[in-house]
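K.L.:
Have a look at this prediction, sequence included:
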Amino acid sequence: MGPGSAVAEIAPATAGPSFDAGLKEVAAETVALDLNTSSYNKQGVVHYHSAVFKGLRPDTLYAYRVGSQSGVGGGRWSEWIQFRTAKRERAPFEFVYFGDAQNDVLSRWSRVIRMAYATAPEAAFALHCGDLVNRAHSDNEWAQWFKSGGWAHSSWTGVPALGNHEYSLLHPSNSRPKGVTPQRAVSLQWRAQFALPEVAGLSEELQETVYHFDYQGARVVVLNSNFGVEEQVAYLDRVLAASTANWNIVAFHHSVFAPAKNRDATPLRNALKPILDKHSVDLVLQGHDHVYSRGHTPVRQLEDERQEAFQTMYVTSVSGPKMYSIPEGKLEGYRKHGFRPGTSAVQKQFFQVIRVDGGALTYRAYTADGKLFDSATIRKDFETGAKVLEP
């Protein structure tokens with residue numbers, strides 16, 4: 001598809017085959033990207049196209065397709081793909097959350113995202129907590145990631161967080177051009193292929209790696225835990241203070257209560273946890289450590305324990321095949337920071353389905369074979385802000 005020829009078409013989906021009679025066409029914005037900026041690639045210049053549909057009706061099923069009307073490849077189109085827009089009011093919904101995919105993505109991660117779709121086909125969006133691929137700039141690995149999800153990627157709204165494996169050297173040490181200084185950079189493909197929201201007031205380097213959105217009574221904030229954390233503290237404080245949502249969810253890559261061996265995130269925890277505590281964030285979703293861990297702050301409210309109100313559930317998870325271990329006593333060591341460890345596991349691939357329904361947020365973790373492994377429900381009184389965690 002040549003530059004300048006890309007378009008997208010959209011129409012309300014109806015039962016009959018002539019649903020596209022009143023379609024709307026939107027010209028795409030095209031970005032030329034030289035993949036050879038990184039020695040992981042040899043394709044040269046490629047073109048990415050993005051189109052924004054505006055003025056859509058709430059709670060409406062739409063069908064869209066992408067293609068070209070003229071130029072090289074004119075008249076070539078994708079299939080029609082359906083999605084439903086959000087309701088205007090607060091209403092029940094669910095979404096899917098994945099920890100790191102990263103390695104053997106097409107071979108061993110594809111079964112996880114496909115099982116997730118089979119388990120939660122009505123999910124509003126899919127949240128990926130970083131390390132979607134192993135080599136940030138490898139176009140081949142990104143192709144595997146998109147193929148693994150297939151049309152599910154096209155039907156679900158994708159909500160990615162930047163992982164450390166999407167922020168790495170442009171050239172491997174054994175093929176770095178002579179005289180080129182080693183340089184870490186956000187994945188060449190990241191901004192072009194995801195076209196995420198830009199946020200006024202944030203520095204240019206953080207754009208499209210830090211953003212937030214509201215969905216049917218929940219506010220979701222996505223952070224970049226790789227760099228610029230100090231700048232994001234003020235942003236996080238601001239967007240949480242302004243939130244009128246019933247539920248506040250924060251996602252980023254590095255785990256503030258790192259469960260894996262030889263992992264720690266003290267600077268990140270010192271920077272973010274005071275803000276998460278200040279606004280009593282309900283749920284924090286993370287990746288990076290290639291194990292499963294769910295805990296909370298402070299103590300769960302039970303009759304046989306000191307009466308302390310539940311505050312925040314913290315989850316670290318992994319969806320790909322790369323696995324680490326949890327040293328004995330590692331999670332208990334975070335009690336001094338107010339963390340209470342709950343369920344943990346190693347050597348398992350997971351996906352999580354999270355449902356928001358009025359005063360209840362229900363969390364379920366499934367293994368790659370579709371079996372329920374862990375679950376919990378947060379119940380909240382919106383008038384008082386009091387919360388209770390039910391295991």
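P.N.:
Cool, the structure landed.
K.L.:
Give the pairing partners of the strand or helix carrying Ala376; include direction for each.
P.N.:
Assigned by DSSP states H and E, Ala376 falls within strand 372-380. Strand pairing for strand 372-380, determined by DSSP bridges: strand 360-367 (antiparallel), strand 387-390 (antiparallel).
K.L.:
Reformat those as TSV; add mean pLDDT, mean neighbour count and distance to Ala13.
P.N.:
C-betas here are computed from N, CA, C, even on glycine. Formatted as TSV, the strands paired with strand 372-380 follow (pLDDT from 0 to 100; neighbours: other CB atoms under 10 Å; distance: least, CB to CB, whole Å):
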stretch	mean pLDDT	mean neighbour count	distance to Ala13
strand 360-367	98	19	29
strand 387-390	94	17	38
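K.L.:
Please tabulate the ones you listed in JSON lines, including the columns distance to Tyr235.
P.N.:
Supplementary listing: these in JSON lines, determined by distance: least, CB to CB, whole Å:
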{"stretch": "strand 360-367", "distance to Tyr235": "23"}
{"stretch": "strand 387-390", "distance to Tyr235": "24"}
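K.L.:
one step back: pull the CA atoms of the strand holding Ala376 into PDB?
P.N.:
Listed next in PDB are the C-alpha coordinates belonging to strand 372-380 (Å, rounded to 0.1, in the frame of the first residue of the first chain):
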ATOM      1  CA  LEU A 372      -9.300 -20.700  37.100                       C
ATOM      2  CA  PHE A 373      -6.200 -20.400  39.400                       C
ATOM      3  CA  ASP A 374      -6.900 -17.400  41.600                       C
ATOM      4  CA  SER A 375      -9.700 -15.000  42.300                       C
ATOM      5  CA  ALA A 376     -10.700 -12.100  44.500                       C
ATOM      6  CA  THR A 377     -13.400  -9.400  44.700                       C
ATOM      7  CA  ILE A 378     -13.000  -5.800  45.900                       C
ATOM      8  CA  ARG A 379     -16.300  -4.400  47.300                       C
ATOM      9  CA  LYS A 380     -16.500  -0.600  47.700                       C
END
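K.L.:
List the buried residues in it.
P.N.:
Asp374, Ser375, Ala376, Ile378, Lys380 (16 or more other CB atoms under 10 Å).
K.L.:
Run a quick neighbour tally on Ala91.
P.N.:
14 (other CB atoms under 10 Å).
K.L.:
how close does it sit to Ala124?
P.N.:
10 Å (CB to CB, to the nearest Å).
K.L.:
With Ala258 instead?
P.N.:
Shown here: Ala258 relative to Ala124, a distance of 29 Å by CB to CB.
K.L.:
which of the two has more neighbours?
P.N.:
The neighbour comparison of Ala258 against Ala124 (other CB under 10 Å) goes to Ala258, with 24 against 21.
K.L.:
give me the beta-bridge partners of the residue nearest to Phe53 when sequence neighbours are not counted?
P.N.:
Spatial nearest neighbour of Phe53, excluding adjacent residues (CB to CB, 6 or more residues apart in numbering): Ile10 at 5.3 Å. In this entry, Ile10 is beta-bridged to Lys24, Tyr64, by DSSP bridges.
K.L.:
Pull up the per-residue confidence for Ile10.
P.N.:
In this model, Ile10 is scored at 98, pLDDT.
K.L.:
same check, this time on Gly75
P.N.:
For Gly75, the predicted pLDDT is 79.
K.L.:
What strand or helix carries it?
P.N.:
Here Gly75 is assigned to no helix or strand, by DSSP H and E.
K.L.:
measure it to Gly67 for me?
P.N.:
Taking CB to CB, one finds Gly75 at 7 Å from Gly67.
K.L.:
try Leu33
P.N.:
20 Å.
K.L.:
Please apply the same query to Pro298.
P.N.:
54 Å.
K.L.:
All set, thanks.
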